[in-house]
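Q: task: produce atomic coordinates for the following.
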Amino acid sequence: MVADAPDSAVLFEHKAGLALHLQRPLDGKRVEPALRLLRAIQSNRRMVRFLLPAVLAAAALGGEPLYELSGQLLPPARAAVSLSGTARPFTAATRSDATGRFSFKKLQADDYTVAVFIPGRGEALRTVEVGPSTAGSRRRVSFTFELKDSDFELAGPVRRQHSVSTNELAIPDAALREYQEALKDLEKHDPEAAVKRLEDAVRIAPQFAVAWNELGTIAYQTRKFDRAEECFREALGQDPGAFEPLVNLGGVLVTLHKLDEAVDYNVRAVLARPNDALANSQLGIAYFELGRLDLGQKYLERARQIDPAHFSHPQLLLAEIHLRRGERREAAAVLEEFLKYHPDWPQAAKMRQTIGELRQ
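A: Numbers count the residues shown, from 1 in each chain. Sure, this is the predicted structure:
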């Protein structure tokens, strides 16, 4: 999908779609699998493409290096911590100890969302890249999450814990067991098995909104975008107050280029959670694709401020906006920030060359 511009252009291909929220009951865990865009930034003279190869999203399990993520919460706190892949269906969960330390092992290279849930404070999210440059020779990524009050979203997790709908109360144990087993399948990198279990769960309990949202997330990551839209609409229909299927539906609508409707849902998501990086980024992308660059810049900048490492990569579109306006140094600055957080970007060398040219 190409957006034409007088002075520059950006080529979009949503490799795994806009990143998604995955609702988890009881402890505030959620997964946000992945925005992957093939992009090109073009000056008047030439186009330099910053491509994310398809092999990244479909990397084989065999032979691929595995990494460890060693995390530290500051100030130290006991918390439920979940980790979510953004390019492939994956989720895992653990708890931090009294010193605020936690770890995840046997991770494939990817951008991951770390979700921290502390009772009484809520849920906070941050993106961390796991790969060769961030891990070093020991294949261990050290990650410090400095927790601020403004990082936490309390309403959604508390609603999920303490406001159980009649539909949710009616979910049979058999459906809940299938859901929990599906999560184990995802931790084992077996999305096919997870889908079968989730489909059994919604067959047993069609009102199981969380399972519908999970099905949509997996469909989205595996590029079954029409199916993803269907699942997110079903999840939202079953639980109209849920944030996760709301923002997820907004994402898949951008991917499907249903832009007016995408704006509507993403506006609702931003109003519901103004500090959610994903909602702001998706709204910025939708406005950008509609040619409303001022609004696009506003929400992409907000996403960048909330989580500068965010897997939706707001800096790339911000650079495109600056280039369209002839703001070469500003474009160079946001691209440089992007590489700070994503040093293993496949076309990093070309991007550094372009940054140098933009500063001449």
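Q: list the contacts for residue 264?
A: Contact criterion CB atoms under 8 Å, 6 or more residues apart in numbering gives no residues in contact with residue 264. For the C-beta atoms, the positions are set from N, CA and C on the backbone; glycine is no exception.
Q: that one: which element?
A: helix 259-272 (DSSP states H and E).
Q: stretch 102-116 - what's its average pLDDT?
A: When pLDDT is averaged along stretch 102-116, the result is 94.
Q: now that stretch: buried residues?
A: 102-104, 107-116 (16 or more other CB atoms under 10 Å).
Q: for the helix holding residue 264, what is the average pLDDT?
A: Mean pLDDT, helix 259-272: 98.
Q: one more: stretch 184-200?
A: 96.
Q: hey, C-alpha coordinates of it in CSV?
A: Output of stretch 184-200 as CSV, limited to C-alpha atoms (Å, rounded to 0.1, in the frame of the first residue of the first chain):
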residue,chain,number,x,y,z
LYS,A,184,0.3,-22.8,27.6
ASP,A,185,0.4,-23.7,23.9
LEU,A,186,1.3,-20.1,23.1
GLU,A,187,4.2,-20.2,25.5
LYS,A,188,5.4,-23.4,23.7
HIS,A,189,5.2,-21.5,20.4
ASP,A,190,2.3,-23.7,19.1
PRO,A,191,-0.4,-21.3,17.9
GLU,A,192,-2.1,-23.9,15.8
ALA,A,193,-2.9,-25.9,19.0
ALA,A,194,-3.9,-22.7,20.8
VAL,A,195,-6.4,-21.8,18.1
LYS,A,196,-8.0,-25.3,18.3
ARG,A,197,-8.4,-24.9,22.1
LEU,A,198,-9.7,-21.4,21.8
GLU,A,199,-12.2,-22.4,19.1
ASP,A,200,-13.4,-25.1,21.5
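Q: chain center to that stretch: distance?
A: Centre-to-centre, stretch 184-200 and its host chain are 20 Å apart (CA atoms, centre = their mean, to the nearest Å).
Q: against residue 329, how distant is the residue of the chain positioned farthest from its centre?
A: Most distant from the centre of the chain: residue 360, at 34.4 Å, with distances by CA atoms, centre = their mean. Separation of residue 360 from residue 329 (CB to CB, to the nearest Å) stands at 10 Å.
Q: and if you look at residue 190?
A: Distance from residue 190 to residue 329, by CB to CB: 47 Å.
Q: among the two, which residue is more densely surrounded?
A: residue 190 (15 against 10; other CB atoms under 10 Å).
Q: state the distance from that one to residue 88.
A: Taking CB to CB, one finds residue 190 at 11 Å from residue 88.
Q: show me which of the buried residues of stretch 102-116 is closest to residue 356.
A: residue 111 (25.4 Å; CB to CB).
Q: with adjacent residues omitted, what lies nearest to that closest one?
A: residue 311 (4.1 Å; CB to CB, 6 or more residues apart in numbering).
Q: helices or strands next to the strand or helix carrying residue 249 in the packing?
A: Assigned by DSSP H and E, residue 249 belongs to helix 243-255. Helix 243-255 sits against strand 14-17, strand 22-23, helix 209-221, helix 225-238, helix 259-272, helix 277-289, with contacts defined as 3 or more CB pairs under 8 Å, 6 or more residues apart in numbering; DSSP states H and E.
Q: could you give the mean pLDDT of the shortest one?
A: So the one you mean is strand 22-23. Strand 22-23 comes out at a mean pLDDT of 44.
Q: with stretch 299-318 instead?
A: The predicted confidence, averaged over stretch 299-318, sits at 97.
Q: and it, what's buried?
A: Quick answer for stretch 299-318 (16+ other CB under 10 Å): 299-304, 306-318.
Q: so where's the stretch 51-200 of the chain shaky on pLDDT?
A: 51-63, 155-169 (pLDDT under 70).
Q: how does it look with 80?
A: 51-63, 154-169 (pLDDT under 80).
Q: and the helices in it?
A: Ranges of helices within the stretch 51-200 of the chain are 54-57, 132-135, 155-162, 166-169, 173-187, 191-204, based on DSSP state H, counting those that start in this stretch.
Q: buried residues in the longest one?
A: Residues of helix 173-187 classed as buried: 175-176, 178-179, 181-183, 185-187 (neighbour count, 16+ other CB under 10 Å).
Q: can I get these in CSV including distance to residue 258?
A: Putting these into CSV (distance: CB to CB, whole Å) gives the following:
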residue, distance to residue 258
175, 31
176, 33
178, 31
179, 29
181, 34
182, 28
183, 30
185, 31
186, 28
187, 33
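Q: what is the nearest of those to residue 206?
A: Closest approach between those and residue 206, by CB to CB: residue 175, at 9.5 Å.
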